[in-house]
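Undergrad: structure for the following, please:
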Amino acid sequence: MGGPMFDIVDPKLDKTYFIQTLFELIRVPTEVPLGPETLMEPDHPKLVHYVQDVLRPMLYQAGIFNLLEMPLNQLVVKMGSGKTDEALLIQAYTPSQHANLTENPFTPRIGFASAEKYGTHAVEEPCIFGQGVSQNKVHMAAMLTVLKALADTGAELDGILYFGINNEGKSSHHCSEAMIPRLRPKPKYGIILLGTGMSISAGNRGRVDIYVHVRGKAVHSSMPWEGLNAIEGANEVINRIKKMKFTKQHPLLGGQHAIPYQVIYAPVAPHTLPEYAKLTIDRRLLPGDDIDAAVAEVREAIGDLAPFEVTVERGVAMLPAMVEAESPIVQRLSESNRRIRGIEPAIRYRPGTYDAGGPCAMGVPTVMWGASGGAGLLGDDFVPLSAAWDEVRVLTHLITGWVGRTA
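TA: Coordinates of the predicted model:
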């Protein structure tokens with residue numbers, strides 16, 4: 001099924017270790033809580049504890065000691081002699097940004113996702129439950145299991161394998177931008193482990209958050225004529241955003257859009273009409289779009305909001321990603337899926353926005369792939385155990401076949 005190194009490493013993959021490790025990771029809170037503060041800093045105390053007090057010791061216990069210290073509370077495992085020029089970067093994240101309504105989020109359990117409870121999201125086989133399991137924790141446990149097997153067998157890699165622990169929780173590329181330029185040799189290709197239903201996500205739109213600040217005058221709700229209600233100003237902003245017309249289309253990624261997804265008012269006080277509103281606009285980007293020009297288009301669409309004061313500013317942004325289906329990273333990951341799972345993985349180009357655009361912009365063609373499940377954006381997070389174990393074996397096949405010793 002695989003090459004000589006895969007045939008040595010595969011029997012050493014420890015499923016008990018994988019499940020125990022995944023359980024331990026689920027117990028560690030790394031969630032971005034519900035509320036208006038949706039951006040998590042890479043040195044947030046939760047993430048510092050997770051990376052330095054949980055993941056670092058796990059790597060040592062697995063026999064992995066060659067850790068590269070990276071800015072922004074990040075670690076990179078480096079394995080291989082570099083006798084060949086193949087260099088592969090695999091990354092997994094630490095923050096959990098979704099599945100906020102997961103029941104008992106930090107209590108791992110194995111059970112069935114029944115149709116009675118989960119409807120179209122049902123999976124009639126054993127699944128592992130816990131917040132963050134599909135976004136990052138199953139992928140972290142998978143790579144720890146692969147690395148441990150490589151260490152246990154003394155497998156020697158002729159190329160270079162990097163495994164990056166990435167703390168990106170700010171909807172930016174800051175963590176990848178801090179990591180990749182420090183890797184020598186530079187990785188030639190990359191994989192971000194993320195729940196994709198085992199399809200290969202080879203491209204996606206970009207996004208910039210645009211902050212619109214509206215200022216009026218607070219007043220008691222019994223006398224609205226004496227003030228300037230920021231709710232009305234925000235409503236007018238939304239109406240003007242709705243009138244924006246977008247005609248640019250990409251054959252694989254779709255079109256652009258601008259849509260408000262968060263509104264915050266202040267002060268929030270009894271029977272008080274607020275004097276301030278902050279709107280966050282999601283402006284989707286296609287390859288070739290200029291971020292500042294996209295912000296300027298929104299500013300122009302809003303225009304003069306007198307008697308309100310209005311300011312428009314650029315927030316965090318992520319770039320579009322585009323990797324051709326013929327790229328070696330897509331082809332080799334597809335081949336490993338065929339060999340291990342007996343399935344030709346779908347190659348998808350997605351409307352969402354992810355970190356792959358950052359490495360791609362830095363000259364490292366990067367795709368996303370991994371096991372997933374779950375009951376939608378907010379509901380219970382779970383992953384079928386069979387898919388999770390397939391991920392472990394596919395990664396082992398890919399790594400040993402690509403950067404492993406061939407003779």
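Undergrad: ok, G206 to H173 distance?
TA: Counting by CB to CB, to the nearest Å, the gap from G206 to H173 is 10 Å. No exception for glycine: its C-beta is placed from N, CA and C like everyone else's.
Undergrad: overlap in contacts, these two.
TA: 318-319, 357 (CB atoms under 8 Å, 6 or more residues apart in numbering).
Undergrad: highest neighbour count among these?
TA: M318 (27 neighbours; other CB atoms under 10 Å).
Undergrad: run through the residues that contact that one.
TA: Taking CB under 8 Å, 6+ apart, we find M318 in contact with 171-173, 206-208, 353-355, 357-358.
Undergrad: which of those residues lies closest to T21?
TA: Within these, the smallest distance to T21 is 23.6 Å, found for D355 (CB to CB).
Undergrad: name the helices or strands packed onto the helix or strand containing R348?
TA: Element membership of R348, judged by DSSP states H and E, is strand 347-350. Counting by 3 or more CB pairs under 8 Å, 6 or more residues apart in numbering; DSSP states H and E, the packing neighbours recorded for strand 347-350 are strand 200-204.
Undergrad: assumed P36 was part of a helix.
TA: No. Counting by DSSP: H, G, I helix; E, B strand; the rest coil, P36 is not found in a helix; it is coil.
Undergrad: how about the nearest residue to it, chain neighbours excluded?
TA: With CB to CB, 6 or more residues apart in numbering as the criterion, P36 has its nearest non-adjacent residue at 5.2 Å, and that residue is I264.
Undergrad: how close does the one you found get to P274?
TA: Applying CB to CB to I264 and P274 gives a distance of 9 Å.
Undergrad: quick one, which of the two is more surrounded?
TA: The neighbour comparison of I264 against P274 (other CB under 10 Å) goes to P274, with 24 against 13.
Undergrad: can you put the shared contacts of G206 and H173 in a markdown table and add pLDDT, distance to L378 and secondary structure?
TA: Converted to a markdown table, these look like this (pLDDT from 0 to 100; distance: CB to CB, whole Å; DSSP: H, G, I helix; E, B strand; the rest coil):
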| residue | pLDDT | distance to L378 | secondary structure |
| --- | --- | --- | --- |
| M318 | 96 | 21 | strand |
| L319 | 97 | 27 | coil |
| G357 | 96 | 25 | helix |
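Undergrad: quick one on the thing from earlier: using CSV, write down the CA coordinates of the strand holding R348.
TA: Extracted in CSV, the C-alpha atoms of strand 347-350 (Å, rounded to 0.1, in the frame of the first residue of the first chain):
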residue,chain,number,x,y,z
ILE,A,347,-10.9,19.1,-4.7
ARG,A,348,-12.9,22.2,-3.6
TYR,A,349,-12.6,25.9,-4.0
ARG,A,350,-14.5,27.5,-1.2
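Undergrad: that one: what's the following helix or strand?
TA: helix 357-361.
Undergrad: helix or strand next in line after that next one, which one?
TA: Downstream of helix 357-361, the first helix or strand assigned by DSSP H and E is strand 366-369.
Undergrad: for the lowest-mean-pLDDT helix or strand in the chain, buried residues please.
TA: Within the chain, confidence by mean pLDDT, DSSP states H and E is lowest for helix 115-118 among all helices and strands, at a mean of 82. By 16 or more other CB atoms under 10 Å, the buried positions in helix 115-118 come out as Y118.
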